[in-house]
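Chemist: Okay, sequence plus prediction incoming.
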Amino acid sequence: MEQSIKPSPTEQVSAYIDKLEPNVAEIIQAIRKLILSTDKEIAEHIKWNSPSFYYTGKIKDFDAKEYKRDIAVLNLNKQRIMLVLPTGDRITESLDLLEGNYKDGRRIINFKDLDDVLSKATKLQKAIENWLQTVEQ
């Protein structure tokens, strides 16, 4: 009996993106590349049924429900592309990028198209770098 090998988290994300409409896939790939290239200790996987990005470095013990490792998750519902930062309220720099003021700490970045992603690239990476500085090590 052959054992099937489970795809790696990166392979799972790639498979997810491959199933998307080509124009949406292109936008998601651009966001993915920007986030992963921001820091070597950022990894990806499928969480909450979407591509998600998290911090892999050293961190103090915490309650898993606090989502301290989770940087961002893509939300592709309702014909729009949202990048949800579960603990985005940690980002202290005013970048005119983050939307919402949810009591649970979430912040959101909306993207209209590939040009919008590219125009927000520098601010997105700065926001993630700022978030990484807040991680309790």
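Modeler: Sure thing, it's come through.
Chemist: Tell me how far residue 135 lies from residue 22.
Modeler: Distance, residue 135 to residue 22, using Cβ to Cβ, to the nearest Å: 35 Å. Just so you know, the C-beta spots here come from the backbone N, C-alpha and C atoms, and that holds for glycine as well.
Chemist: Compare neighbour counts for those two and give me the winner.
Modeler: Using other Cβ atoms under 10 Å as the criterion, residue 135 and residue 22 rank with residue 135 on top: 17 against 7.
Chemist: Pull the contacting residues for that one.
Modeler: Under the criterion of Cβ atoms under 8 Å, 6 or more residues apart in numbering, the neighbours of residue 135 are 55, 57, 59, 68.
Chemist: Where do the helices of the protein begin and end?
Modeler: For the chain, helices defined by DSSP state H occupy the ranges 9-18, 22-36, 114-133.
Chemist: Out of these, flag the one nearest residue 89.
Modeler: Of all the helices of the chain, helix 114-133 sits nearest to residue 89, with 10.0 Å by Cβ to Cβ.
Chemist: So which other helices or strands are in contact with that closest one?
Modeler: helix 22-36, strand 70-75, strand 81-85, strand 107-111 (3 or more Cβ pairs under 8 Å, 6 or more residues apart in numbering; DSSP states H and E).
Chemist: Next one: the spatially most central residue of the chain relative to residue 127, how far apart?
Modeler: Nearest to the mean C-alpha position of the chain, by Cα atoms, centre = their mean, lies residue 72 at 3.0 Å. Between residue 72 and residue 127 the distance is 9 Å, computed by Cβ to Cβ.
Chemist: intersection of neighbour lists for these two?
Modeler: residue 85.
Chemist: Contacts made by stretch 19-26 with the rest, please.
Modeler: 17, 18, 28, 76, 81, 113, 114.
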